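Colleague: Next input, structure requested:
(one chain, ligands or ions: 2)
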Amino acid sequence: MKILSAKQIYEADRATIKSQAISSTELMERAAFACYEWIIKRFPDRSRLFHVCCGMGNNGGDGLVVSRLLLENGFRVHTHLINFSEHRSDDFKVNLDRLIEMKALVTEVSGVADFPTIEHGDLVIDAIFGIGLKRSPSGFTKKLIQRINNSKAGIISLDFPSGLFSASTVTDKEAVIRANHTLTFQVPKLAFLLPDNQEYVKEWQVLDIGLDKDYLNSADCLYHGSDLELNKGFYKVRKKFSHKGSFGHSLLIGGSFGKIGAMVLASRAALKAGSGLVSTYIPKCGYTAMQSTNPEVMVEVDDENYIQYFNFKTNPTAIGLGPGLGTHLKTKKGFVDFFSNCKAPMVIDADGLNIIAEFSDLSELIPENTILTPHPKEFERLVGKWHDDYAKLDKLLAYSQQHNCVVVLKGAYTAIAHQGKVWFNMSGNPALATAGSGDVLTGIITALLSQGYTSLEASLLGVYIHGRTADLAVEENESIESFSATDAIDYLGRVYKEFV
Ligand SMILES: NC(=O)C1=CN([C@@H]2O[C@H](COP(=O)(O)OP(=O)(O)OC[C@H]3O[C@@H](n4cnc5c(N)ncnc54)[C@H](O)[C@@H]3O)[C@@H](O)[C@H]2O)[C@H](O)CC1
Ligand SMILES: [K+]
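Modeller: Residues are numbered from 1 along each chain as shown. Ligands and ions are numbered 1, 2, ... in the order given. Prediction:
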């Protein structure tokens, strides 16, 4: 799933018009028809009033077509032309003429006095600006946006919430539509995946408008979505004659007094994610807890209450380092020596990351293709503060390239960066913001590494699977509140079944 830039979307439009021998008006009709179908399926009540607010460009044109289709099918529609510019796009003009021919209710909004009265229960279709917005809406257009946001009506944005920019941060927060639903064309837009925009973009839906396949396949994108289709592409089906030795030996290193649970979760997750063998290397104080809760997992121990020697005998295929590790001075010293000389592929999480951040030289010693799994605070410790989401993405790309590693920046739409590209994970929900969730993720990714997936594949698949456990759990027995890290482990089997 590619995430195209606005420039690429305009190019894809042109390629489609050429290869399918259609006019831009026909492409607009197709796009608006897809919106219309979605809208009437979701809101079939014909007594409801639709306020369709149309700008003067092609986004406005989409709105005009939606107005016409709703009217033709017996819905109540009031179309408002938001007169912010003298210039009207060609397809806007064509579709305005068609609507006027139908004797539709169309009014011009050129100032506050023309604003519609929007009642509770009405629906606003926002077709004011799409991806062509150049500067923050001002004057009466801004005031109208505020009026719409303050109404009690539901808001459906066509393609893009008006006022949001496609490649930069919002400058005037009061001049952006806060949409309940956004119906976007062909590909997700980067702006939808950034936490700074969460007030404007809530539920969004990609509608297929049949853009040129060759263009889409060949477009070179910096940003991608990681969905079931992508992950199915490299998921390895197990062969009949395979044995536990075929699936590697994961070693989880971590734990300290009071934080042994992190290692119980990580090692159990590694086991359930399919690692052939799983060992843990923990402080002595965790021995009984580990053996009694995870009988399949082998245990080696270090010092009494924290790890400092890192002198395990296990010869692992992959290592997961950091859950519950703590930052005791002796742990830090041991970590620095171990880390620089480690040969097995590694996933580093939690205090492992904090130690790297504290000793900045350590970043230079990160072995190639190591996977780092920071949450935003841990990432900030590694790279310093950023001023907005775009600057954060720049730092993410730069850090992963500079150190030739995979960085998994956790959050909604976890961003996975490798070799100059970023993939946004499309599974998961806020249920995952729960204690131990990151430990489970470390276990899953370690297990995938040990089964022979590359670092990038293990990161993409691990994050996708982890997110999907929460999607399934919430569809069934759990709620966003009740879901726990243990549930994520319990749902792993269900998620794997979706791959075969
Ligand atoms: N393949 C597709 O995705 C298709 C998308 N369609 C729709 O087209 C818009 C993009 O249309 P465009 O005319 O380029 O831009 P907008 O309608 O978003 O912008 C309106 C217009 O206004 C000017 N402008 C920009 N900022 C301001 C401002 N602050 N104040 C005043 N005027 C401003 C700007 O120059 C534009 O001309 C896309 O989002 C889809 O909705 C097609 O319909 C089908 C294919
Ligand atoms: K819009």
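Colleague: Just grab the bridge partners of whichever residue of the stretch 201-350 of the chain sits closest to ligand 2 for me.
Modeller: In the stretch 201-350 of the chain, no residue comes nearer to ligand 2 than V201, which is 11.3 Å away by C-beta to the ion. In short, each C-beta sits where N, CA and C put it, glycine included. Beta-bridge partners of V201, counted by DSSP bridges, are A179.
Colleague: So that it lines up with my notes, have the first residue be 16 from now on.
Modeller: Sure, I'll start numbering at 16, so the last one becomes V216.
Colleague: That one: neighbouring residues, count only.
Modeller: V216 sits with 24 neighbouring residues when counted by other C-beta atoms under 10 Å.
Colleague: That one contacts P203, correct?
Modeller: No - the pair V216 and P203 fails to qualify as a contact (C-beta atoms under 8 Å) at a distance of 10.2 Å.
Colleague: Show the contacting residues for the single nearest residue of the stretch 266-415 of the chain relative to ligand 1.
Modeller: For the stretch 266-415 of the chain, the nearest residue to ligand 1 under the criterion C-beta to the nearest ligand atom is Y405, separated by 18.9 Å. Y405 makes contact with 182-184, 209 under the criterion C-beta atoms under 8 Å, 6 or more residues apart in numbering.
Colleague: And S39, by the same measure?
Modeller: S39 makes contact with 28, 32, 105-106 under the criterion C-beta under 8 Å, 6+ apart.
Colleague: So for it, what pLDDT did the model give?
Modeller: The per-residue pLDDT reported for S39 equals 98.
Colleague: For it, give me the backbone phi and psi.
Modeller: Torsion angles at S39 (phi, psi; degrees, to the nearest 10) stand at phi -60, psi -30.
Colleague: so how far is F107 from it?
Modeller: Here the distance between S39 and F107 works out to 11 Å (C-beta to C-beta, to the nearest Å).
Colleague: Does the residue of the stretch 266-415 of the chain closest to ligand 1 belong to a helix, a strand or coil?
Modeller: Three-state secondary structure (criterion: DSSP: H, G, I helix; E, B strand; the rest coil) places Y405 in helix.
Colleague: thought K274 was touching H343?
Modeller: No - counting by C-beta under 8 Å, K274 sits too far from H343 to count as a contact (11.4 Å).
Colleague: returning to that earlier point: filter the contacts of S39 down to the ones in helices?
Modeller: Assignment to helices by DSSP state H places the following of the contacts of S39 there: 28, 32, 105-106.
Colleague: which one of the residues you listed sits closest to N309?
Modeller: Using C-beta to C-beta, the shortest approach to N309 within the ones in helices among the contacts of S39 belongs to D28, at 54.8 Å.
Colleague: Next, count neighbours for the closest one.
Modeller: 21.
Colleague: what sits against the residue nearest to the spatial centre of the chain?
Modeller: Taking C-alpha atoms, centre = their mean as the criterion, Y428 is the residue nearest the geometric centre of the chain, at 2.0 Å. When the contact criterion is C-beta under 8 Å, 6+ apart, the partners of Y428 are 208, 439-441.
Colleague: Kindly recompute the last result at 6 Å.
Modeller: With C-beta atoms under 6 Å, 6 or more residues apart in numbering as the criterion, the residues that contact Y428 are 208, 439.
Colleague: which SS class is it?
Modeller: In three-state terms, and counting by three-state DSSP, Y428 is coil.
Colleague: how close does D223 sit to L198?
Modeller: With distances taken as C-beta to C-beta, D223 is found 11 Å from L198.
Colleague: Just want to know which of the two has more residues nearby.
Modeller: Each of D223 and L198 has its neighbours counted (other C-beta under 10 Å); L198 has more, 27 against 11.
Colleague: My reading is that the more buried one is in a helix; is that accurate?
Modeller: No - note on L198: no helix contains this position according to three-state DSSP, which reports strand.
Colleague: Give me the pLDDT for it.
Modeller: According to the prediction, L198 has pLDDT 98.
Colleague: closest to E513 among the contacts of S39?
Modeller: Nearest member of the contacts of S39 to E513, counting by C-beta to C-beta, is D28, at 33.9 Å.
Colleague: Can you pull the phi/psi pair for the residue lying closest to the closest one once chain neighbours are set aside?
Modeller: Counting by C-beta to C-beta, 6 or more residues apart in numbering, L42 is the residue found nearest to D28 once chain neighbours are left out, at 6.4 Å. Main-chain dihedrals, L42, degrees, to the nearest 10: phi -60, psi -40.
Colleague: Flag every residue of the protein that's near ligand 1.
Modeller: When proximity is defined as C-beta under 6 Å from any ligand atom, the chain approaches ligand 1 at 24, 28, 42-43, 46, 70-77, 99-100, 104, 144-150, 152, 173-175, 200-201, 226.
Colleague: Tell me, how many residues neighbour K259?
Modeller: Residues lying near K259 (other C-beta under 10 Å) number 10.
Colleague: all helices of the stretch 416-515 of the chain, in order?
Modeller: Assigned by DSSP state H, counting those that start in this stretch, the helices in the stretch 416-515 of the chain fall at 452-465, 470-490, 500-505, 507-512.
Colleague: Tabulate those helices (CSV), appending mean neighbour count.
Modeller: Listed next are these as CSV, based on neighbours: other C-beta atoms under 10 Å:
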stretch, mean neighbour count
helix 452-465, 30
helix 470-490, 24
helix 500-505, 22
helix 507-512, 16
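Colleague: Reformat those as TSV; add distance to H135.
Modeller: Listed next are the helices of the stretch 416-515 of the chain as TSV, based on distance: least, C-beta to C-beta, whole Å:
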stretch	distance to H135
helix 452-465	38
helix 470-490	29
helix 500-505	38
helix 507-512	41
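Colleague: Out of these, flag the one nearest I160.
Modeller: Closest to I160 of the helices of the stretch 416-515 of the chain, according to C-beta to C-beta: helix 470-490, at 32.8 Å.
Colleague: elements contacting that closest one?
Modeller: Helices and strands touching helix 470-490, as assessed by 3 or more C-beta pairs under 6 Å, 6 or more residues apart in numbering; DSSP states H and E, comprise helix 243-249, strand 421-424, strand 430-433, strand 436-440, helix 452-465, helix 507-512.
Colleague: can you give me the offset of the third one from its chain's centre?
Modeller: Read it as strand 430-433. Relative to its parent chain, strand 430-433 has a centroid offset of 11 Å by C-alpha atoms, centre = their mean, to the nearest Å.
Colleague: what pairs with that strand, and is each one parallel or antiparallel?
Modeller: Per DSSP bridges, strand 430-433 is paired in its sheet with strand 421-424 (antiparallel), strand 436-440 (antiparallel).
Colleague: In CSV, list the C-alpha atoms belonging to it.
Modeller: Only the C-alpha atoms of strand 430-433 are listed here, as CSV (Å, rounded to 0.1, in the frame of the first residue of the first chain):
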residue,chain,number,x,y,z
ALA,A,430,6.2,3.9,11.9
ILE,A,431,8.9,1.4,10.8
ALA,A,432,11.9,3.1,9.1
HIS,A,433,14.6,1.3,7.1
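Colleague: picking that back up, could you export the contacts of S39 as JSON lines, including distance to ligand 2 and pLDDT?
Modeller: Output for those, formatted as JSON lines (distance: C-beta to the ion, whole Å; pLDDT from 0 to 100):
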{"residue": "D28", "distance to ligand 2": "16", "pLDDT": "97"}
{"residue": "I32", "distance to ligand 2": "21", "pLDDT": "98"}
{"residue": "D105", "distance to ligand 2": "19", "pLDDT": "98"}
{"residue": "D106", "distance to ligand 2": "15", "pLDDT": "98"}
